[in-house]
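**Q** Fold the following.
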Amino acid sequence: MMTRNWDPRRRFACAFVEQLLTAIAEGDRWSIARRTTGALLEQLLLAESSDGPHPLPRLRHTHHGLSVNPLAVVDDDVAVVIGTADGRDEADAIPLLAILVASETAPHPWLAAILDTAVEIDEDSRIATVLGERTEAADAQIIDRHSPLDPTVTEIDWNDPAAVLRRHAHGTVTVADAAAGIPGDRSIWPYAADTCATLSDWYLRANYPELVREHRRPC
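**A** The predicted model follows:
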């Protein structure tokens, strides 16, 4: 039987929430930064970079799908997804509410402003979301405070051209060397910063936090 969630926009919103749940379960900070905004972005990035309390402890470290028949209501600028994050069995099912806001960065249509496993919404967060006070310019500052997103590069001073990144039999590789290897075509920077296959990619991720939103992946 066809349900209202067969509407492509509703299905896309539900798929977005599932992808975010996977990112939280896997501690994938790059994906979290790409998909969240405002206070939720700050909370999740801070939680994944420390051993402190996690804002969504029941979703952490376990992959959860979204219930088969979530309720999704989609407008041009806001989407609400209400359902259940499935656990290992029915007893582990977690009530879930997600509020998504339209993204300014194409091709990503949504950013999660609220994700609540108690299905309770903080009033200040609700008002800020409704009034459009969550801006992507502010998100860039949050991401920058938590950069670089990859913990393997946290200790490196990327502003020091002489900082040594790697030593080998033929000499050393410095930050200046990594900067020199950056592709001239900026359109491939977001992909490079996401994959971090080379030291130059690490340089991009550490110095250009806005690339997290420019990477062209579904949702």
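**Q** Ramachandran coordinates for the most centrally placed residue in the chain?
**A** In the chain, the C-alpha nearest the mean C-alpha coordinate belongs to Ile32, at 1.8 Å (C-alpha atoms, centre = their mean). Main-chain torsions, Ile32, degrees, to the nearest 10: phi -60, psi -50.
**Q** Quick check, pLDDT for it.
**A** pLDDT recorded at Ile32 is 92.
**Q** which residues touch Pro109?
**A** Pro109 is in contact with Phe12, Phe16, Ala102, Ser103, Cys219, counting by C-beta atoms under 8 Å, 6 or more residues apart in numbering. (Each C-beta comes from the backbone N, C-alpha and C, glycine too.)
**Q** Give me the subset of these lying in helices.
**A** Mapping those onto helices (DSSP state H) picks out Phe12, Phe16.
**Q** Please identify the buried residues of the worst-scoring helix or strand of the chain on mean pLDDT?
**A** One helix or strand of the chain scores below all others by mean pLDDT, DSSP states H and E: helix 123-130, with a mean of 78. The neighbour-count check on helix 123-130 (16 or more other C-beta atoms under 10 Å) flags Ser125, Ala128, Thr129 as buried.
**Q** Ok, stretch 22-32 next?
**A** Quick answer for stretch 22-32 (16+ other C-beta under 10 Å): Ala23, Ile24, Ala25, Gly27, Asp28, Arg29, Trp30, Ser31, Ile32.
**Q** and the closest residue to the fourth one other than its chain neighbours, how many neighbours does it have?
**A** Yep, that's Gly27 we're talking about. Distances taken as C-beta to C-beta, 6 or more residues apart in numbering put Glu48 closest to Gly27, at 5.2 Å, once the chain neighbours are dropped. A count of neighbours around Glu48, defined by other C-beta atoms under 10 Å, yields 20.
**Q** So Glu48 is in contact with Ser31, correct?
**A** No - between Glu48 and Ser31 there is no contact under C-beta atoms under 8 Å: 10.6 Å.
**Q** which intervals of this structure have sub-threshold pLDDT?
**A** The chain contains residues with pLDDT under 70 at 1-5, 52, 61, 63, 68, 87-92, 106-108, 119-121, 217-219.
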